[in-house]
Every structure is written in structure tokens, then in C-alpha cells.
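Asks: my questions concern the predicted model and sequence given below.
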Amino acid sequence: MTGVPASAAGGPSGARRAKGPASGSLTPASGRALAREARDTAPGESGGGRARRDASSPEDVRATAPSSPSSSSPEGTGNAGTAEAQGSTRAPRGGKIAAAAVDQASVWNIANLLTMLRLLLVPAFVMLMLADGGYDPAWRSLAWAAFAIAMITDLFDGHLARTYNLVTDFGKIADPIADKAIMGAALICLSALGDLPWWVTGVILGRELGITLLRFLVIRYGVIPASRGGKLKTLTQGVAVGMYVLALTGWLATLRWWVMAAAVVLTVVTGLDYVKQAIVLRRQGIAEREAALEETEE
């Protein structure tokens, strides 16, 4: 027995399996299997065939379906980022509305309330000053109290506005109006009652109104700062007018005349100084504009 047993070589079936591939012949069943395998592994128009077939199962369909925006997928993250971006773009609008509300509420600050009080004291002062013919010492004393409160609040409202950053457009407009109103009302009442010459009232009011108009005319070139002389003038005017409002006699009546004379002198001198500053400021502004135009042309 020189041959190898059939069982050792795998038997007849084993011989057939070894013979099939070696012979290179294909049966119809094996050909169809190879065709399916080639079709599955070959890429199609929209991706691999095997991938298409594998994704056809319910589990794979659910796995490949787009996740909701609330999921942790990149698409969900993008949607969340878009929502956050939209929220951030809407935030400035809310900020502007809040800022406008704050600005509107800031008008009712302590500095502006003092200015409003001074404006309300103007008609009250006039009524007290002219009550009972304007010569009753009691009514004149009450008028003096109203005038003194108005002048004192004038000293504090500006200081409070600058110190605590309470400067508003209303304060910028109302404060000088209140100052001129109370002073003008007092001077006119005193002149109408014969206690003060009309030319004094004309000089003081003319200077105040003229300088105010001059400030508005040159504001395009800059702001004329308040000088120490102007502050001293305001203080002297307040003291002089207050002394005239009171029914003083004797040496106090003589003293108030000299105080009013000093107030008139300071009124004229500081007025001329403001005119000089306005002229210099205007020239500087015009020169700077011309220089800027020359630079742009070059």
C-alpha cells in the first residue's frame, strides 16, 4: 500500500474542493456569488453598495438619521451656536433701550431738581416782592428768603453735577436760564419800585444776555470757560441785590450802594474779558480749520 488514503487527503469532497479552484472552472452558483460580492464592494453613484445595503436595516437608518438640535452632534452644536449668535446680536438693542431708560431717568437727579426748584422760586419771589405794594418789610423779608434759597442752590447744583457726573442736556440749558431769571426778576422789581436805577438793571441784564448769546455764537469753535472774575461777579451781584431786597436803612443802606457799585464794575470788566476770549477762540478755530483744509488738499 503505497498510496495515501482518501481520508487523509480529505476524502472525495476534499479532493473536489482542492480541484475546483485549481482547475479554474466556475459553477453558476459560484459565479453569482462573485458577482454579488463585486457589486457590493464596487462604489456606486452615491456611495458604496455594501454601505447602502447595510444602511437599509431599521437600526442603521435610525443611526444615520439626523439628530435633533438638542443632541450633541455637530449639527446640533451649530444650531445652538446660531441661536446664541442671534441672541447676542439682539442684545445690543436691549442694551440701547436700557441705556435710553437710564438716560431718561438721570434727568431727575439732585442737581436738576435744585435747578427746577430755582425756576419755581422765580414767580414766588415776584409775588412776595410785590405783595402789599412792595414796601412791606415782612413781605420783603420773605422775598429775600426766596431769593437767598435760589442763589444758594445755584452754588450747589453745578458742583453736584460735576462731582457726581450728573451733567445732562436739561441741566446745561435750564441752569443758565434759572440764573438769569431770578436775577432779572429781582432787578426789574427793584427798579419798578424805585429802589434801583434802571440803568443799573440795564447794564447787568444786558451783559448777562449778551454773554450768553456770545457763548452760543462761538460754541462751534470751543467753550469759553468760567473765570474767577465771573464767579466773583456772580457772588457780588447776589449780595448786592439781596441787600436791596431787604428794607435796610442807615449805614446798611449806604453799604449796599457800594456793594452794588462793585457788582456793576465787575459786571462790565468780566463782560469785556469774555468778549476778548470769544474773539481769540474764534480766530484759533478759524486758523485750525484752514490748516486742516490745507492738509486735506495736499
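Replies: Ah, there it is. Numbering: from 1, shown residues only.
Asks: so where do the helices sit in this protein?
Replies: Applying DSSP state H to the chain gives helices spanning 11-23, 28-41, 49-54, 58-64, 74-106, 110-130, 137-163, 169-192, 198-217, 228-245, 251-297.
Asks: could you say what helices and strands the last one packs with?
Replies: Helix 251-297 sits against helix 198-217, helix 228-245, with contacts defined as 3 or more C-beta pairs under 8 Å, 6 or more residues apart in numbering; DSSP states H and E. No exception for glycine: its C-beta is placed from N, CA and C like everyone else's.
Asks: so where's the stretch 1-150 of the chain uncertain?
Replies: 1-106 (pLDDT under 70).
Asks: repeat that for 50
Replies: Low-confidence segments of the stretch 1-150 of the chain (pLDDT under 50): 1-26, 42-105.
Asks: that older thread, as TSV, the helices and strands packed on helix 251-297 with mean pLDDT and distance to Ala124 would be great.
Replies: TSV is the format used below for the helices and strands packed on helix 251-297 (pLDDT from 0 to 100; distance: least, C-beta to C-beta, whole Å):
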stretch	mean pLDDT	distance to Ala124
helix 198-217	92	20
helix 228-245	92	13
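Asks: buried deepest among those, which one?
Replies: Sort the helices and strands packed on helix 251-297 by mean neighbour count, taking mean count of other C-beta atoms under 10 Å, and helix 228-245 sits at the top with a mean of 19.
Asks: helices or strands up against that one?
Replies: helix 137-163, helix 169-192, helix 251-297.
Asks: got the buried residues for stretch 265-284?
Replies: Using 16 or more other C-beta atoms under 10 Å as the test for burial, stretch 265-284 gives 266-267, 270-271, 274, 277-278, 281.
Asks: and the residue nearest to Ala186 when sequence neighbours are not counted, what is it in contact with?
Replies: If the residues on either side of it in the chain are set aside, Ala186 comes closest to Val241, at 4.9 Å by C-beta to C-beta, 6 or more residues apart in numbering. Val241 sits next to 147, 183, 186-187, 190, 260 when contact means C-beta atoms under 8 Å, 6 or more residues apart in numbering.
Asks: write a PyMOL command that selects only the buried members of those residues.
Replies: The buried subset of the contacts of Val241, as determined by 16+ other C-beta under 10 Å, is captured in PyMOL by this line:
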select buried, resi 147+183+186+187+190+260
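Asks: ok, the contacts of Val241 vs Leu213, which is closest?
Replies: Met183 (16.2 Å; C-beta to C-beta).
Asks: ok, the closest one touching Glu208?
Replies: Yes - with contact defined as C-beta atoms under 8 Å, Met183 counts as touching Glu208 (7.1 Å).
Asks: show me what contacts Cys189?
Replies: By C-beta under 8 Å, 6+ apart, the neighbours of Cys189 are 126, 129-130, 134.
Asks: should've said Ile224
Replies: So Ile224 contacts 214-215, 218, 274, 277-278, 281 (C-beta under 8 Å, 6+ apart).
Asks: and it, what are its phi and psi?
Replies: phi -80, psi 110 (degrees, to the nearest 10).
Asks: list the contacts of Ala161.
Replies: Contacts of Ala161 by C-beta under 8 Å, 6+ apart are 109, 111-112, 167-168, 171.
Asks: repeat the analysis, applying 10 Å as the threshold.
Replies: Neighbouring residues of Ala161 by C-beta atoms under 10 Å, 6 or more residues apart in numbering: 109-112, 114-115, 167-168, 171-172, 175.
Asks: gap between His159 and Val167?
Replies: 11 Å (C-beta to C-beta, to the nearest Å).
Asks: the more surrounded of these two?
Replies: Val167 (17 against 10; other C-beta atoms under 10 Å).
Asks: contacts only, for Val203.
Replies: So Val203 contacts 187, 197, 263-264, 267-268, 271 (C-beta under 10 Å, 6+ apart).
Asks: would you check which pair of these lies furthest apart?
Replies: Pro197 and Gly271 (18.5 Å).
Asks: coming back round to it: out of the contacts of Cys189, who's the most crowded?
Replies: Going by other C-beta under 10 Å, Met129 tops the contacts of Cys189 with 23 neighbours.
Asks: around the residue nearest to that residue when sequence neighbours are not counted, how many other residues sit close by?
Replies: Leaving out its chain neighbours, the residue that sits closest to Met129 by C-beta to C-beta, 6+ apart is Ala143, at 4.1 Å. Applying other C-beta under 10 Å, we find 25 residues neighbouring Ala143.
Asks: does Ala143 touch Phe125 like I think?
Replies: Yes - contact criterion C-beta atoms under 10 Å: Ala143 and Phe125 qualify, at 5.6 Å.
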